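**Student:** okay, here's the prediction I keep looking at, along with the sequence it came from:
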Amino acid sequence: AERNMERSAAFTTSVISVRNVSTGGFVARAGGFRSVRCPRRIFSKVRMDVKFADEETKLEVKTKDVFMPALSSTMTEGRIVQWLKQPGDFVDVGEIIMVVESDKADMDVESFEKGYLAQILTEEGESAGVGATVALLAETEEDIQKVIDCGTECIVPGSNHRHDGTTVVDLDNQQSASAKPAAAAEPAAPAEPAAPAAEKPNNVKEVFMPALSSTMTEGKVVQWLKKEGDKIAVGESVMVVESDKADMDVESFEEGIVAHIVVDEGDSTNVGEVVAYLAPSEAEASAIKSWASSLGSGPASAAALAPAVSAEAAAAKPAAPRTAPASSASVVNEGRVVASPYAKKLAAENGVDLKFVQGTGPGGRIIAEDVEAAKSSGAAAAPAEAPAYKSARVYATPDAKKVAKAEKINLDNVTGTGNFGRITADDVLKAAGKAPVQKEARAEAKAPAPSKKEKGDGPVLDGAVPMTAMQKGIAKNMMATLGVPVYSVSYEINTTAFDALYAKVKGKGVTTSSLLAKAVGHVLKDHQILNARYEEGDTHVYKKAADIGVAVATKGGLVTPVLRNCAETDIYSLSRSWKELVRKAVEKKLTGADMSNAHFYISNLGMFGVEHFNAILPKNAGTILAVSASKPKVVLQKNGLIGVEKFMNVNATCDHRVIQGAELAGFLRDLADFIENNIDEVMY
């Protein structure tokens, strides 16, 4: 390798292909070339582009990378089953970019960066070590060729976050630092000499705190869906975790018996820390619990567990096999079933046994179309039988527990209809003889003002109260906007025509928020600068589609789900999308993709009777429109008579680095004209 590089010293690029790298590793050095280390046992084929790139070039190109994440606690490398994006495609934060086969299952992988996919470094069917760069992203479509020319040398500082929950990778040498905590713990002597429980039992497995978003650093265990002694299968929900974005069910990557829970409900821990230990069988659970208890709780126990898992762990006790369906279908998938996450979800919802489904995806992978075909034929129907294991614990959502307490309902007598038989609030209401709350009514998120009695029902707070993960995230984002030079402009808009249209379409499911977003989307087409934002490096980033973020207040804090392509989407589809987003917000199920990539935001406090307010400009936004209540006002009407009409005040806050006062004033003038005179156009 060194000889090849020396011969190519006169050129700007030297491409080295190394096959069957299996031991040691090497460092290539020559003249001004950057050192590149190839870790051992990572690639069957390694392609390295060694280039000259000064600081000016790096800052100009700003390459971002897509890396191989750790999808389980034991994963050291992953194989790319399928690329869901191709070079030239735009990739948003939270958007699924590839399918990766780990040592446990095939999983969709989201992108932590946004940009245009410039170059794929690891092709379909090839493997890469955890943390290795598998693709390069360009900021703009025009920069794709520059990224290809510069390669990994132009990856900008700050884009190398490898925070996947289990592994931290140094960009320079692409080597995992996951073994560092264990190494650091080695010199520490136990407090008591040679306690028997300190010896690690065989086949112990771990459940760790995953990274549920690109910005999550710690998570709070809201609820354990399994208790100590319960059996758990791969892919089964084991706990509910509160991140800085939402509450999410977390699936297990391992199969076994829950031997010891390290982090109790209500407690928080850092991403990557162990929250529970699993035993391969009930007989071994006691020994593992004793060992885990001797380690204490929290991060210390995570450091004490060696990163390697013994060979016996791979042969964990399998779940009891299901009897074959009473059809002529034959088993086509023995042992591990390779299927996309959506295909698995579809199969569970429709009672399709994946053992009898022939996959047509890459490498025989089962995809959603295969499940649909099996469902239509009826040949792969899952048999109805009692589960192999039933826990005595009652599983219920937090809302269900609150409703049960208020209605004095014993959850032991309630049948759950949620995921994995979990009891929902609607299940409790049915048991109490009351009608469940309709999704549409929930989605409006327009609850009446609480009565005096309701106001006094909550706990009386006094003293310091720790912030939730969502509150911390909101505070962090608000602080990030303090350095932005903003200004505000107010405008009064007659809502007579708007109110009349809303009265006509309200019964058809159209919401006020979707009408406002649709109207703003129409006007933005003639005011593109209002749909732009500032980016470091003296750049204005424009957006063709009218993707508008709309603020939603939840019990946990403020979130801003994004309505996509408001100008072109019909009002009924837009309203359905909005109701679904609000439902997810209330249930704390919003994903990063639901709340990203908007330049224009709306905050509406009109339902509270607010007459005027200023909204804080969100991070990476150009404009936020504060909408107040519609109030009656005595005016001289067009017919020359004095009458009463309704007006609302809107107040726009803008980034002065992008939008000038005259441009904002022109937008507000045209928005008022559209709402007052042409609002019916939102229906077409």
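**Tutor:** Yep, that arrived.

**Student:** strands of the stretch 501-650 of the chain, start to end?
**Tutor:** Ranges of strands within the stretch 501-650 of the chain are 532-535, 539-542, 548-550, 552-553, 558-559, 562-563, 600-604, 623-636, 642-655, based on DSSP state E, counting those that start in this stretch.

**Student:** packing partners of the last one?
**Tutor:** Yep, that's strand 642-655 we're talking about. strand 486-494, helix 496-505, strand 623-636, helix 661-677 (3 or more CB pairs under 8 Å, 6 or more residues apart in numbering; DSSP states H and E). C-beta: built from backbone N, CA, C; applies to glycine.

**Student:** mind listing what's buried along that strand?
**Tutor:** By neighbour count on 16 or more other CB atoms under 10 Å, the buried set for strand 642-655 is Lys646, Phe647, Met648, Asn649, Val650, Asn651, Ala652, Thr653, Cys654, Asp655.

**Student:** what lines up beside it in the sheet?
**Tutor:** strand 486-494 (antiparallel), strand 623-636 (antiparallel) (DSSP bridges).

**Student:** buried residues in the first one?
**Tutor:** What it means is strand 486-494. For strand 486-494, by 16+ other CB under 10 Å, it's Val486, Val489, Tyr491, Ile493, Asn494.

**Student:** can you tell me which of the residues you listed is nearest Ala469?
**Tutor:** For those, the closest approach to Ala469 (CB to CB) belongs to Val486, at 27.3 Å.

**Student:** quick check: that closest one touching Arg657?
**Tutor:** No. Val486 is not in contact with Arg657 according to CB atoms under 8 Å; the separation is 9.5 Å.

**Student:** so which bits of stretch 539-556 are buried?
**Tutor:** Lys543, Ala545, Ala546, Asp547, Ile548, Gly549, Val550, Ala551, Val552, Thr554, Gly556.

**Student:** any idea which of the residues you listed is least confident?
**Tutor:** Least confident of those in the model: Gly556, at 78.

**Student:** looking at the helices and strands packed on strand 642-655, which is buried most?
**Tutor:** Highest mean neighbour count among these (mean count of other CB atoms under 10 Å): strand 623-636, with a mean of 18.

**Student:** show me how far that one is from its chain's centre.
**Tutor:** 36 Å (CA atoms, centre = their mean, to the nearest Å).

**Student:** ok, now how distant is Gly418 from Val240?
**Tutor:** 11 Å (CB to CB, to the nearest Å).

**Student:** do Ile642 as well
**Tutor:** With CB to CB as the criterion, Ile642 and Val240 are 59 Å apart.

**Student:** what does Ser376 give?
**Tutor:** 34 Å.

**Student:** these two: which is more packed in?
**Tutor:** Higher neighbour count among Ser376 and Val240: Val240, with 20 against 8, using other CB atoms under 10 Å.

**Student:** hang on, the more buried one in a helix?
**Tutor:** No. Looking at Val240 with DSSP: H, G, I helix; E, B strand; the rest coil, it is strand, so not inside a helix.

**Student:** let's have the buried residues of stretch 539-556 in JSON lines, adding distance to Gly78.
**Tutor:** As requested, these are exported to JSON lines (distance: CB to CB, whole Å):
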{"residue": "Lys543", "distance to Gly78": "33"}
{"residue": "Ala545", "distance to Gly78": "33"}
{"residue": "Ala546", "distance to Gly78": "37"}
{"residue": "Asp547", "distance to Gly78": "32"}
{"residue": "Ile548", "distance to Gly78": "37"}
{"residue": "Gly549", "distance to Gly78": "33"}
{"residue": "Val550", "distance to Gly78": "37"}
{"residue": "Ala551", "distance to Gly78": "38"}
{"residue": "Val552", "distance to Gly78": "36"}
{"residue": "Thr554", "distance to Gly78": "35"}
{"residue": "Gly556", "distance to Gly78": "33"}
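
**Student:** closest to Ala464 among these?
**Tutor:** Once CB to CB is applied, the member of the buried residues of stretch 539-556 that ends up nearest Ala464 is Gly556, at 18.7 Å.

**Student:** next, give phi and psi for the closest one.
**Tutor:** Gly556 adopts backbone torsions of phi -80, psi -20, taken as degrees, to the nearest 10.

**Student:** find the nearest non-adjacent residue to it, please.
**Tutor:** Met470 (4.6 Å; CB to CB, 6 or more residues apart in numbering).

**Student:** who's in contact with the host helix or strand of that neighbour?
**Tutor:** Under the criterion of DSSP states H and E, Met470 resides in helix 469-479. Identification of contacts with helix 469-479 by CB atoms under 8 Å, 6 or more residues apart in numbering yields 215-216, 218-220, 242-246, 268, 467, 556-559, 588, 616, 618-619.

**Student:** now swap in stretch 488-502 and tell me
**Tutor:** Taking CB under 8 Å, 6+ apart as the rule, stretch 488-502 contacts 510, 512, 515, 519, 612, 614, 630, 645-654, 661, 664-665, 668-669, 671-672, 675-677, 679-680, 682-683.

**Student:** dump it to CSV, restricted to CA.
**Tutor:** Extracted C-alpha coordinates of stretch 488-502, given in CSV (Å, rounded to 0.1, in the frame of the first residue of the first chain):
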residue,chain,number,x,y,z
SER,A,488,-41.9,41.4,14.5
VAL,A,489,-44.7,42.9,12.3
SER,A,490,-48.4,42.8,13.1
TYR,A,491,-51.4,42.9,10.8
GLU,A,492,-55.2,42.9,11.3
ILE,A,493,-57.2,40.5,9.1
ASN,A,494,-61.0,40.4,8.6
THR,A,495,-62.1,36.8,9.2
THR,A,496,-65.8,37.1,8.0
ALA,A,497,-65.2,35.0,4.8
PHE,A,498,-62.8,32.6,6.7
ASP,A,499,-65.4,32.0,9.4
ALA,A,500,-68.2,31.4,6.8
LEU,A,501,-66.1,28.8,4.9
TYR,A,502,-65.1,27.1,8.1
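
**Student:** for that stretch, give the mean pLDDT please.
**Tutor:** Mean predicted confidence for stretch 488-502 is 94.

**Student:** please compute how far that stretch lies from its chain's middle.
**Tutor:** Using CA atoms, centre = their mean, the offset of stretch 488-502 from its chain centre is 36 Å.

**Student:** do you know how far Ser575 is from Val234?
**Tutor:** 39 Å.

**Student:** out of the two, name the residue with the larger neighbour count.
**Tutor:** When Ser575 and Val234 are compared on other CB under 10 Å, the one with more neighbours turns out to be Ser575, at 26 against 16.

**Student:** which stretches in the stretch 151-300 of the chain count as helices?
**Tutor:** Along the stretch 151-300 of the chain, counting by DSSP state H, counting those that start in this stretch, helices occupy 180-185, 282-294, 299-304.

**Student:** contacts for stretch 631-647?
**Tutor:** So stretch 631-647 is contacted by Glu492, Ile493, Asn494, Thr495, Thr496, Asp499, Glu611, Ser630, Met648 (CB under 8 Å, 6+ apart).

**Student:** correct me, but Pro280 touches Ile232?
**Tutor:** No. Distance between Pro280 and Ile232: 11.5 Å, which falls outside the contact criterion (CB under 8 Å).

**Student:** this completes my enquiry, with thanks.
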